[in-house]
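> have a look; sequence and predicted model below, questions after that.
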Amino acid sequence: MNFFQGDRQAVVRECDRQAINNRQRAVRLARRPLESFLHRATKELRVEEAGLTVCLVSDAEIARLNETFRKKKGPTDVLSFSATARRRPVRLRRSSKTAKTGDYLGDIAISPLTARRYARKNGRKLSSELQVLILHGLLHLLGYDHETDRGEMDRVERKLRKRLGLAR
């Protein structure tokens, strides 16, 4: 399932398995640093050979997705749509690949406008906030769920933020 397939603004080259699509105009962004971070994060998680899409969307679009899929009103900063239903999260091991070539992990939707509000509130740069959201979305695609896992996702995310040089 790729919600964002066929987007004219996609940054997709034939050899790429991962794309960042910008479908919003409210916030000007430098896409290259986000692509670079996505590459670093997928390499750290050992899913660099798997496909996924990160789509930057308007507040209106993420609010619509939030209501449709989570039955919650209003915009949120990030939503993840895993291509695979998992009973347990994927175990992250340094010694083996987490995903194989050809696997499609899913889609991540991020609202840069909401992210900017949260970044200001938390005293962070927007670029850092977007990186945190990409990492957070990736963990959801791998089956982590902070709402039900008694802190496991938070612990894993904290360690990864440190390794990737991200602020808390």
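Everything's here; your move.
> contacts, neighbours, all on C-alpha from now
Fine.
> counting by contacts, list what the longest helix along the chain packs against.
Counting by DSSP state H, the longest helix found in the chain is helix 126-141. On a contact count with 3 or more CA pairs under 8 Å, 6 or more residues apart in numbering; DSSP states H and E, helix 126-141 meets helix 31-44, strand 78-82, strand 104-110, helix 112-121, helix 152-164.
> ranking the ones you listed by burial, who's on top?
Highest mean neighbour count of the helices and strands packed on helix 126-141: strand 104-110, a mean of 25 (counted as mean count of other CA atoms under 10 Å).
> about what we covered before: for Gln24, which of the helices and strands packed on helix 126-141 is the nearest?
Smallest distance to Gln24 across the helices and strands packed on helix 126-141 (CA to CA): 8.2 Å, for helix 112-121.
> before we move on, the earlier item: including mean pLDDT and distance to Ala60, could the helices and strands packed on helix 126-141 go into a markdown table?
Below are those laid out as a markdown table (pLDDT from 0 to 100; distance: least, CA to CA, whole Å):
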| stretch | mean pLDDT | distance to Ala60 |
| --- | --- | --- |
| helix 31-44 | 94 | 21 |
| strand 78-82 | 96 | 13 |
| strand 104-110 | 96 | 12 |
| helix 112-121 | 96 | 10 |
| helix 152-164 | 92 | 28 |
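> Throw these into TSV and include distance to Gln131, thanks.
Listed next are the helices and strands packed on helix 126-141 as TSV, based on distance: least, CA to CA, whole Å:
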stretch	distance to Gln131
helix 31-44	7
strand 78-82	11
strand 104-110	11
helix 112-121	10
helix 152-164	9
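> these: which one's closest to Lys72?
Ranking the helices and strands packed on helix 126-141 by proximity to Lys72 (CA to CA) places strand 78-82 first, at 11.8 Å.
> still on that earlier bit, which of the helices and strands packed on helix 126-141 sits closest to Val57?
Proximity to Val57 (CA to CA) singles out strand 104-110 among the helices and strands packed on helix 126-141, at 6.0 Å.
> before I go, just wanted to say thanks for your time.
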